[in-house]
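> Show me the folded form of this:
(one chain, ligands or ions: 4)
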Amino acid sequence: MLIIRLIISLISLILSSNAFAEEIRNPVEHWASYPKISYPKGDKGEAIKRGEYLVMASDCIACHSTDAEHPFAGGNGVRPDIPLLGYRVPIGTFYSPNITPDKKTGIGNWTQKDFHNAIRHGVAPDGSQYYPALPYVWFTKFSDEEIDDMYEYFMAIPAVDRENKPHDIPFFMKWRELMLGWKLLFFYPFDGPYRPDPTRSEEWNRGAFLVEGPAHCGMCHTPITMFGSPQLDKSYTGSIIDGYAAPNITGTSLKKVSVDELIRVFKYDEVPGGGEVKGPMKEVNHDSLMYLKDSDLKAISVYLKTTVDSEPLVISGSGDAKGQAIYNKHCMNCHASGAGGAPKYGDANDWAPIQAQPVDQTYEHAIKGFHGMPAMGLCGECNDDDIKATVNYMLKAVSVTKSKPKRALGPAPKNYTLDDGKQLYEKVCASCHDDGALNAPKIGDEKAWKQRLTSQGFFGLLNGVVHPEGYKSLPNDCVPRGTCDDCSDGQLIAAVKYILYKSVKQNDFKLW
Ligand code: HEC
Ligand code: HEC
Ligand code: HEC
Ligand code: HEC
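Ligands and ions are numbered 1, 2, ... in the order given. I've put the predicted structure just below:
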């Protein structure tokens, strides 16, 4: 076992040695904006508009832009990793090329046929093979007409003069002909436009086309093999991307999530059961799904609900046996690695703040969802008791250390009164929370605070300011310790209570 670990560490080291040589921008959550286009009158203008919509549905902009001012000018690093004997091994950085119509550095000299070959077959104008980091495995589902429309769009956007960056990948992968072998094994079975299933509705077929084609949902949500190809028998059962867990989104798993709730995931970043979508999915929403028609979002949701998990959970046994079975099937994806800020299984630091809160609250968070924790851990087959058993199983893994949590968040010491809270508030917090600077929720804004309170709970709000050790910063958190590094936890808690006292009238936070 040790030898295997050693070999794998060595491989990772070699493969990733250059990956961190330069400073890497946060890989997600940088929305680019679509360029303004003056559509010519007539057929051409219509083609460009149709092409633009397909480009939006395909999220080409996310990979092919590094900043909002130069959409599609390339230079963005795509950093796939592959599973190897239980590890995620990075294989380097593929820099997206410039796909604006610049004649020198972009695709301005490409013919329609060149563009077809790239999108449908993954072949470059000089006949060499593209890496599947360009998602042709999915884009091959486009019809000829659709690819023509996209070509018209790319010829109409502003040209940007920016040279392509060479990929930062291991030497043996630089030989593109390797990809021919890869394609023979993994790609050609896909090759060809989407063929509608005549036994299904038009809506379902539209959804299937979008999910299996342009929107390439499976690139993130389907587990991959060690060769980087999707495991089709496990489609949509969940995978890991950029350190975030992309959860199981099969119909089996989403049984308790309605079509409307799914549309809200895409349109308003709302996680079913509460909380906000984060990371790569938020980028997908902002760069792509947000622009789609409601009818298309509905079609996507309707289709997704009909997909089936090939290995549905069979809940047998009780207590820890049941908890373990559910954990392995549904929770491990996120909690084994700590992906997306999930408290890592067995990690005493991560679980300290959770152990410090009443267990009923922990159950409730797991059942109803909380921040990045989806309701029921997306286990469509589970009921409340199943989730409680699983939470117990997870808590047991850290119960040994329960007596000594590291700086767990306790109640405010008695000597801090609401008046102390008020003083600290006026001295420190008011600079942002009085008038909403930096988008801080304003004191007295009942709606804003109630919403935070219901989605995160009282402890969630405290955590968002105090940041106890082992607790990871989340998108809606306050600036660390409200900028008051000298304040004790107790003082900060008193200030939060003061804010809530002023904002959410009917609750009595003095009791906490
Ligand atoms: C997941 C990231 C990703 C997405 C999404 C993506 N691309 Fe790319 N694309 C890449 C990468 C990486 C390459 C470089 C591939 C290589 O060098 O083999 C590439 C290459 C290309 C090329 C070849 C350009 C050249 O100069 O050789 C074209 C054209 C292209 N993409 C168009 C598109 C279009 C159109 C879309 C949307 C329909 C799209 N891409 C979506 C990552 C992406
Ligand atoms: C670039 C990778 C990526 C792509 C492409 C992608 N997703 Fe996701 N998706 C994620 C990640 C990561 C999460 C978890 C987000 C979080 O932790 O808040 C997620 C979450 C979700 C959720 C569940 C929200 C929740 O937490 O309950 C749904 C539903 C979903 N995606 C559907 C889709 C669909 C449908 C598509 C295609 C239209 C798609 N995704 C494409 C990465 C991706
Ligand atoms: C898609 C990823 C994901 C899956 C799947 C998932 N979790 Fe979580 N879970 C999280 C994240 C992220 C958090 C951290 C939430 C926070 O505190 O901000 C979390 C937090 C928790 C917590 C602590 C809640 C608290 O009070 O702070 C419990 C308990 C929990 N999860 C249980 C489960 C169980 C049980 C399952 C399986 C049925 C599960 N999780 C599946 C991502 C996930
Ligand atoms: C420099 C500006 C700034 C200062 C100073 C500041 N805050 Fe905040 N706070 C914010 C912003 C911005 C948010 C909202 C972040 C978001 O939603 O993305 C926030 C959010 C919060 C939240 C909600 C956290 C959550 O998880 O939803 C609480 C509670 C809070 N602040 C309390 C305080 C307290 C107490 C102080 C003083 C000790 C303080 N803040 C000082 C900017 C500030």
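
> Over to the residue lying closest to residue 357 once chain neighbours are set aside: give its phi and psi.
Distances taken as Cβ to Cβ, 6 or more residues apart in numbering place residue 459 nearest to residue 357, at 5.1 Å, with adjacent residues excluded. Heads up, the C-betas are built off the backbone N, CA and C, glycines and all. Dihedral pair for residue 459: phi -70, psi -30, per degrees, to the nearest 10.

> So what's the residue count around residue 459?
Using other Cβ atoms under 10 Å, the number of residues around residue 459 comes to 20.

> Tell me if I'm right that it and residue 362 touch.
No. Taking Cβ atoms under 8 Å as the definition, residue 459 is not a contact partner of residue 362, at 9.8 Å.

> Name the SS class of the closest residue to ligand 3 within the chain, please.
As assessed by Cβ to the nearest ligand atom, ligand 3 sits closest to residue 377 within the chain, at 2.5 Å. Following DSSP: H, G, I helix; E, B strand; the rest coil, we place residue 377 in the helix state.

> Now do the same for the residue nearest to residue 357: its pLDDT.
We have a pLDDT of 70 for residue 459.

> Next one: it from ligand 4, what distance?
Residue 459 sits 10 Å away from ligand 4, taking Cβ to the nearest ligand atom, to the nearest Å as the criterion.

> same question, residue 435
On the measure of Cβ to the nearest ligand atom, residue 435 and ligand 4 end up 11 Å apart.

> excluding its backbone neighbours, what's nearest that residue?
Excluding the flanking residues, the one nearest residue 435 by Cβ to Cβ, 6+ apart is residue 442, at 6.9 Å.

> Next, that neighbour: secondary structure please.
coil.

> surely it meets residue 436?
Yes. Counting by Cβ under 8 Å, residue 436 is a contact partner of residue 442 at 4.6 Å.

> So which of those two has more stuff around it?
For the pair residue 442 and residue 436, the greater number of neighbours falls to residue 442 (16 against 13), based on other Cβ under 10 Å.

> For that one, list the residues it contacts.
Going by Cβ atoms under 8 Å, 6 or more residues apart in numbering, residue 442 touches 433-436, 448.

> repeat for residue 478
440, 464-465.

> confidence score at residue 374?
So residue 374 comes in at 79 (pLDDT).

> And for it, the neighbour number?
26.

> just residue 332 next, same as before
With other Cβ under 10 Å as criterion, residue 332 counts 16.

> quick one, domains of this structure?
With domains defined by automatic domain parsing, the chain comprises 1-193, 208-308, 320-401, 418-511.

> what are the phi and psi angles of the residue of the stretch 151-300 of the chain found nearest ligand 4?
Proximity of the stretch 151-300 of the chain to ligand 4 (Cβ to the nearest ligand atom) peaks at residue 276, 9.5 Å away. Main-chain torsions, residue 276, degrees, to the nearest 10: phi -120, psi 140.

> What of residue 129?
phi -90, psi 140.

> For it, which non-adjacent residue is closest in space?
Per Cβ to Cβ, 6+ apart, closest to residue 129 is residue 179, 3.7 Å.
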